[in-house]
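J.: Need a 3D model of the following:
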Amino acid sequence: MTDWPRTLNELDRYRKPPRRAGRIDVARDAKASGRGEDDGRVRRFLEAIWSKDKLNDAEAHALMMLAMAATYDADPEAPLGFRLPLDLETGEVIAARWRAWLAHDPIHLVARYRANLATLSGIWIDCGWRDQYHLHYGARILSRHLAQHGIAHRYEEFDDNHSSIDYRMDASLPFLYRALKP
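T.: Okay, here's the model as predicted:
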C-alpha cells in the first residue's frame, strides 16, 4: 500500500484533462475511477513508457504496481484486462479489488497451503530491516504465521535495504543447496 500514492502521482501526469489549480468536483472526477478501471491515464502512461529506452524511478515503480494489478486482479472485461485496487482520483481503497490482491498474499496463503509447505525441505526468508518497500514488516508476519502453523523455516534480517544485496546469497544459497541436496 505504501507505493500506491507514488504510483497515483505518476499516473496523474497522464490524466485528461490535466489537473489545474482551483476548484474541482471530486465526486464527478472519481466516478469512472472508483471501480478500479482505467479512465485512460493508465493506457497513456503505458504507451509513453513503451517508447522510452530508460525509465526513471517513479515510472519503474508505477509500472511495477501496474504489473502487480495485472497479476492479482486480472479481468478480461476491464479496459486494460485488469483492475486497480484504488480510486485513481481519491486514492481510496476499493474493498473488492483489494480482496483480490490479498488472495495472493503469502501471509494469507500459509493456512491454505500448510500441508504443501510442510513437505518442503527448506524455506529461507530474509530482508533488510531498512527495506524501502517496508517488506521486513510483512516478512515478520509471514515468519510468525509459518511458525504458528508449525512450518519449519529460517528467517533472517540484516542491516540494509532492498537493493544491491546480492552479497546475501552467500547466506541463502548454501542453506538452499543443503535443503535441495538429495
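J.: Give the bridge partners for the closest residue to Phe175 other than its chain neighbours, please.
T.: Spatial nearest neighbour of Phe175, excluding adjacent residues (CB to CB, 6 or more residues apart in numbering): Trp124 at 5.2 Å. Glycine gets a C-beta too; all of them are placed from N, C-alpha and C. Using DSSP bridges, the bridge partners assigned to Trp124 are Arg154.
J.: Check whether Trp124 really touches Leu146, as I assumed.
T.: No: at 11.5 Å, Trp124 does not count as touching Leu146 under the criterion of CB atoms under 8 Å.
J.: Give the residues shared as contacts by the two.
T.: Common contact partners of Trp124 and Leu146 (CB atoms under 8 Å, 6 or more residues apart in numbering): His153.
J.: Model confidence score at Ser33, please.
T.: pLDDT recorded at Ser33 is 58.
J.: Between Trp124 and Leu146, which is the more surrounded one?
T.: Counted by other CB atoms under 10 Å, Trp124 and Leu146 do not tie: Leu146 has more neighbours, with 21 against 15.
J.: tell me which element the more buried one is part of?
T.: helix 135-148 (DSSP states H and E).
J.: Kindly format the C-alpha coordinates of that helix as CSV.
T.: Taking Å, rounded to 0.1, in the frame of the first residue of the first chain, the C-alpha atoms of helix 135-148 are listed here in CSV:
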residue,chain,number,x,y,z
LEU,A,135,8.9,-5.7,3.3
HIS,A,136,10.5,-6.5,6.6
TYR,A,137,7.2,-6.0,8.3
GLY,A,138,5.4,-8.4,6.0
ALA,A,139,8.3,-10.9,6.2
ARG,A,140,8.0,-10.8,10.0
ILE,A,141,4.3,-11.5,9.8
LEU,A,142,4.9,-14.3,7.3
SER,A,143,7.5,-15.9,9.6
ARG,A,144,5.1,-15.7,12.5
HIS,A,145,2.3,-17.3,10.5
LEU,A,146,4.7,-20.1,9.3
ALA,A,147,5.7,-20.7,12.9
GLN,A,148,2.1,-20.7,14.2
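J.: Could you look up the next helix or strand downstream of the longest helix seen in the chain?
T.: Longest helix of the chain, by residue count under DSSP state H: helix 57-72. Next helix or strand after helix 57-72 toward the C-terminus (DSSP H and E): helix 95-102.
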